[in-house]
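Peer 1: sharing a model prediction with you, sequence too.
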Amino acid sequence: MAMGRRGISKQPVLLIGVCVFGACLLLFLFMRGRPAKPAPETERSPSTATGLDHLNTVATTAKNDDNELKSQIKEAINEANHNIERRLTNLEQTASIYKTKGTYTPPVSQNTYPKVKNLNEDQRKRILVTGGAGFVGSHLVDQLMLQGHEVTVADNYFTGRRRNVQHWIGHPNFELLHHDVVEPLMIEVDQIYHLASPASPVKYMYNPVKTIKSNTIGTINVLGLAKRVKARVLFASTSEIYGDPEEHPQKETYWGHVNTIGPRACYDESKRVAETLMYAYSKRDHIDVRVARIFNTYGPRMHMYDGRVVSNFIVQTLNGHPLTVYAPGNQTRSFMYVSDLVSGLMKLMNSNYSLPCNLGNPEEHTILEFAQLVQDITGVKGKVSMKKSQQDDPHKRKPDITVAKTQLGWEPKVSLRDGILKTTAYFRKELGLVNNEQEQ
Ligand SMILES: NC(=O)c1ccc[n+]([C@@H]2O[C@H](COP(=O)([O-])OP(=O)(O)OC[C@H]3O[C@@H](n4cnc5c(N)ncnc54)[C@H](O)[C@@H]3O)[C@@H](O)[C@H]2O)c1
């Protein structure tokens with residue numbers, strides 16, 4: 001119109017318009033005739049792309065003398081590839097069922113939530129869970145939500161997934177923040193469960209400096225927030241602070257035996273510093289602190305390829321692969337089911353006990369016994385593949401839980417058999433071994 005007002009004829013404009021339209025039409029017809037392009041790397045499913053790319057990067061950057069680490073990673077990559085193929089086959093089968101039936105039932109949309117308690121204003125707390133999209137965090141979030149509290153999750157998704165808490169997204173009591181605890185967070189809360197840290201050796205060794213930052217700077221930030229809003233903080237510490245223990249079973253009074261420069265040190269030592277920070281802030285700023293020393297925990301929502309012994313054994317068994325055992329095989333571990341841990345964490349948070357407290361299952365097994373047990377429970381027999389021992393792998397692990405029993409009235413309830421059965425059912429679904437139709 002402006003051009004018209006300046007007296008320019010409309011004919012050239014029309015001509016240009018017709019040319020542009022014609023060019024677009026030609027381009028459209030040309031594109032339709034071309035075979036479909038393979039999806040670029042970034043369009044692959046995030047769990048597949050990031051997981052494998054991540055492992056591939058570690059594999060190629062591992063030092064030459066790190067052959068053991070390289071072979072572990074390669075094994076994980078092969079395992080992942082195998083599962084992707086299995087999943088694809090499963091999806092193809094499902095698609096053909098839908099095709100035959102001529103119907104498609106889309107997944108139920110998430111607008112219904114598990115029923116939560118209706119707490120009054122005095123009882124309802126505003127609770128922050130850092131690392132709440134991870135394995136333990138997401139189960140803790142479930143319980144806090146069901147009890148009727150307002151829950152905020154802060155997670156950077158390094159090892160956690162939105163999927164773990166997706167059943168709460170949109171609920172008025174729930175908020176999910178994409179946040180890295182290495183940065184300060186300004187919100188109003190009454191309690192903080194501070195879980196943000198990678199927990200499996202493969203993940204925490206991937207970027208040792210970041211692991212140290214998450215547990216040290218992250219803990220300083222969380223304590224700074226607690227100081228400002230006068231919140232109580234529970235820190236998820238670990239049995240790893242005992243290192244390769246010379247005392248057995250481990251009591252809270254044991255100071256530990258950690259190699260400060262070993263491959264596990266980034267985790268063990270940063271958790272130890274975090275404990276120190278908790279009590280330094282408590283002393284100086286009168287912050288109400290709780291420290292849970294968590295022993296090996298397992299259950300649904302564990303990451304399939306994070307190299308932890310329970311997930312390794314179950315996934316390898318289900319895939320019909322030999323079970324990887326690191327020599328000598330008679331090293332012991334004790335395994336706690338995740339619901340027991342969650343009840344322990346909540347009891348500790350709401351108790352008057354402020355010194356470190358072990359949370360674990362004292363039932364002790366050698367790794368070889370455990371491999372056998374998994375095969376017996378799942379009913380799948382397989383071989384064991386014995387690998388070279390890992391540096392600084394603790395020889396014995398068993399919690400003394402007298403403090404938790406006497407101070408919190410807590411002890412684990414779920415038997416290893418029941419826990420393994422539930423976890424196996426979860427991994428079956430994750431591996432696509434359960435027909436999708438049955439799931440719906
Ligand atoms: N699972 C166990 O056996 C075990 C044993 C001892 C201690 N713990 C501790 O319990 C906590 C939870 O462990 P888990 O097994 O659920 O591990 P996980 O890896 O499944 O969960 C950790 C969560 O923290 C998040 N996270 C990591 N770094 C972060 C950062 N800088 N900022 C924000 N979020 C971050 C991850 O994305 C993930 O969601 C950890 O602190 C771990 O050290 C676990």
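Peer 2: Ah, there it is. Numbers count the residues shown, from 1 in each chain.
Peer 1: excluding its backbone neighbours, what's nearest Lys383?
Peer 2: Distance criterion CB to CB, 6 or more residues apart in numbering; nearest residue to Lys383, sequence neighbours excluded, is Pro322 at 4.2 Å. C-beta coordinates here come from the backbone N, C-alpha and C atoms, glycine included.
Peer 1: could you double-check that that neighbour sits in contact with Lys381?
Peer 2: No. Look at Pro322 against Lys381 with CB atoms under 8 Å: they stay out of range, at 11.2 Å.
Peer 1: of the two, who's got more company?
Peer 2: Neighbours of Pro322 and Lys381, each counted by other CB atoms under 10 Å, are more numerous for Pro322; the result is 14 against 10.
Peer 1: for that one, what are its contacts?
Peer 2: Gln316, Gly382, Lys383, Val384, Ser385 (CB atoms under 8 Å, 6 or more residues apart in numbering).
Peer 1: what does the stretch 251-400 of the chain have sitting close to the ligand?
Peer 2: The stretch 251-400 of the chain comes close to the ligand at residues Ile294, Asn296, Thr297, as judged by CB under 6 Å from any ligand atom.
Peer 1: list the contacts of the host helix or strand of Thr424.
Peer 2: Take DSSP states H and E as the rule and Thr424 turns out to sit in helix 416-430. Residues outside helix 416-430 that contact it (CB under 8 Å, 6+ apart) are 298-302, 304, 310-311, 314-315, 318, 335, 337, 361, 363, 365, 373-374, 377-378, 434, 439.
Peer 1: and the strands in the chain?
Peer 2: Ranges of strands within the chain are 126-130, 150-155, 174-178, 191-194, 232-238, 289-294, 297-298, 323-326, 332-334, 336-337, 357-359, 364-366, 384-387, based on DSSP state E.
Peer 1: partners of the second one in the sheet?
Peer 2: For strand 150-155, the pairing partners within the sheet under DSSP bridges are strand 126-130 (parallel), strand 174-178 (parallel).
Peer 1: just say which of those is most tucked in.
Peer 2: strand 126-130 (a mean of 26; mean count of other CB atoms under 10 Å).
Peer 1: Lys429: neighbouring residues, count only.
Peer 2: Residues near Lys429, counting by other CB under 10 Å: 13.
Peer 1: mean confidence for stretch 268-277?
Peer 2: Averaged over stretch 268-277, pLDDT sits at 98.
Peer 1: my error: substitute stretch 85-96 in the last question.
Peer 2: Per-residue scores along stretch 85-96 average to 66.
Peer 1: ok, stretch 119-130 next?
Peer 2: On average, stretch 119-130 scores 96.
Peer 1: also stretch 408-415?
Peer 2: pLDDT averaged over stretch 408-415 gives 98.
Peer 1: what residues does that stretch touch?
Peer 2: Contacts of stretch 408-415 (CB under 8 Å, 6+ apart): 336-337, 339-340, 343-344, 347-348, 351, 353, 357, 359-361, 401, 404-405.
Peer 1: next: stretch 267-286.
Peer 2: 197-198, 201, 204-205, 211-212, 214-216, 219-220, 223, 226-227, 233, 235, 237-238, 240-241, 243, 256, 258, 260, 287-289, 291, 354, 356.
Peer 1: in the helix holding Thr424, what counts as buried?
Peer 2: For helix 416-430, a neighbour-count test (16 or more other CB atoms under 10 Å) marks Leu416, Gly419, Ile420, Lys422, Thr423, Thr424, Tyr426, Phe427, Glu430 as buried.
Peer 1: report pLDDT for the third one.
Peer 2: In this case it means Ile420. 94.
Peer 1: dump the residue contacts of Gly382.
Peer 2: So Gly382 contacts Gln316, Thr317, Gly320, His321, Pro322, Leu323, Gln375 (CB under 8 Å, 6+ apart).
Peer 1: how much space separates it from the ligand?
Peer 2: 24 Å (CB to the nearest ligand atom, to the nearest Å).
Peer 1: backbone torsions only: list them for that residue.
Peer 2: Note on Gly382: its backbone torsions stand at phi -160, psi -180 [degrees, to the nearest 10].
Peer 1: what's the answer for Asp306, then?
Peer 2: Dihedral angles for Asp306 - degrees, to the nearest 10 - are phi -90, psi 10.
Peer 1: and the contacts of stretch 267-286, which are buried?
Peer 2: The buried subset of those (16+ other CB under 10 Å) comprises 197-198, 201, 204-205, 211-212, 214-216, 219-220, 223, 226, 233, 235, 237-238, 240-241, 243, 256, 258, 287, 289, 291, 354, 356.
Peer 1: just give me the residue closest to the centre of this structure.
Peer 2: Gly134 (3.3 Å; CA atoms, centre = their mean).
Peer 1: burial count for Asp155?
Peer 2: Residues within reach of Asp155, counting by other CB under 10 Å, total 27.
Peer 1: for the one 5 residues further on, same thing?
Peer 2: Residues within reach of Gly160, counting by other CB under 10 Å, total 24.
Peer 1: how far away is it from Thr317?
Peer 2: 25 Å (CB to CB, to the nearest Å).
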